[in-house]
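A.B. asks: no sequence for this one, just the structure:
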Ligand SMILES: *Cc1c(COP(=O)(O)O)cnc(C)c1O
């Protein structure tokens, strides 16, 4: 096999102060941590989480998991194309198999990913050794498994670099959470006196335990100062509303970026609401992590207009 092409990530990612009167009115400074600019095909936290996992896979085929609109699946498929290794995506929902691919899965397929559609019960049981073995039977020989959302100990340690890049630069760092792997690493990398604030985009209130488990797998126990605010999921994963779209549109127009709707818009909306509620004392510097870009077919994405990001049903993170 030829040497893989370099990923050429833009690291550290830019940290830009923006002028926004909703924050300024409260004496709060707002910085945007532009992880969305790290790499065009592997943006944001997906680059931070995948890079160490792909190094560990050492060019072997990769099998991973995701929902029908998974940013993680797209990132793995893109990495497979860039590095030249085979990828298999296990997709939640066997009813999708008989339909035309949505823009996100079409991108995965165009990048060469083999898609395996499985029913929800099988998807839930994917960590069961027998279920996993039967999925691996349908993937290229010698495939390495990367978990759903790419979140494991390697990913958490990769995301700690995000925290280190922000040392001394902000008092509170806000990030959207799916699996919580990014928050787990971010909190571990921040310096003394800084705290991480996670905004879960899934409903359920189960995320805290998952984050503690991820930190334990990476570091042997809980690390850093972090908390979650569970109020801003807007109904659950991939649920969006006209109000959220309007907020995202306005924020993007004010500050010159395309706001991803499933994660980034909910985090920015939560942070704006908290600031307006007076949650941060005057003099606070906030950093909002822009963890990704709109997907193909999403508003602001490269697949044209339309809300490809809202499948309208319960789904999974990543
Ligand atoms: C995957 C993703 C997240 C969630 O990251 P976790 O580590 O699973 O919490 C947040 N934002 C964007 C844009 C993502 O694609």
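C.D. replies: Ah, there it is. Since this is a predicted model, take the numbers as computed values, not measurements.

A.B. asks: going forward, measure contacts and count neighbours with C-alpha atoms only.
C.D. replies: Will do.

A.B. asks: so which residues on the stretch 51-200 of the chain come close to the ligand?
C.D. replies: Contact residues, the stretch 51-200 of the chain versus the ligand (CA under 6 Å from any ligand atom): 71, 72, 149, 176, 177, 178, 179, 180, 181, 182.

A.B. asks: ranking those by neighbours, who comes first?
C.D. replies: When neighbours are counted as other CA atoms under 10 Å, the busiest of those turns out to be residue 182, with 32 neighbours.

A.B. asks: which residue, other than its chain neighbours, is closest to it?
C.D. replies: Nearest-residue entry for residue 182: residue 159, 5.6 Å, with adjacent residues in sequence omitted and distances by CA to CA, 6 or more residues apart in numbering.

A.B. asks: quick check: the one you found is in a helix.
C.D. replies: Yes: using DSSP: H, G, I helix; E, B strand; the rest coil, the secondary structure at residue 159 is a helix.

A.B. asks: pull up the gap between it and residue 13, please.
C.D. replies: Here residue 159 is placed at a distance of 12 Å from residue 13 (CA to CA, to the nearest Å).

A.B. asks: look at those two and report which has more neighbours.
C.D. replies: More crowded of residue 159 and residue 13, by other CA under 10 Å: residue 159, with 28 against 18.

A.B. asks: for residue 136, see how far away the more buried one is.
C.D. replies: 28 Å.

A.B. asks: cool, and residue 160?
C.D. replies: In terms of CA to CA, residue 160 sits 31 Å off from residue 136.

A.B. asks: out of the two, which sits in the busier spot?
C.D. replies: Per other CA under 10 Å, whichever of residue 160 and residue 136 has more neighbours is residue 160, with 22 against 18.

A.B. asks: the residue in the stretch 201-318 of the chain that the ligand sits nearest to: what secondary structure?
C.D. replies: Evaluated by CA to the nearest ligand atom, the stretch 201-318 of the chain has residue 292 as its residue closest to the ligand, separated by 3.6 Å. Under three-state DSSP, residue 292 falls in the coil class.

A.B. asks: if we can go back for a sec, which of the residues of the stretch 51-200 of the chain next to the ligand has the weakest pLDDT?
C.D. replies: Within the set of these, pLDDT is lowest for residue 149 (88).

A.B. asks: secondary structure of it: a helix, I assume?
C.D. replies: Yes: under three-state DSSP, residue 149 sits within a helix.

A.B. asks: that one against residue 69, yeah?
C.D. replies: No: when contacts are counted by CA atoms under 8 Å, residue 149 is not listed as touching residue 69 (11.7 Å).

A.B. asks: extract the residue ranges of the protein that are flagged as low pLDDT.
C.D. replies: Residue ranges of the chain with pLDDT under 70: 1-7, 302-318.

A.B. asks: stretch 282-299: end-to-end distance?
C.D. replies: Stretch 282-299: ends 34 Å apart by CA to CA.
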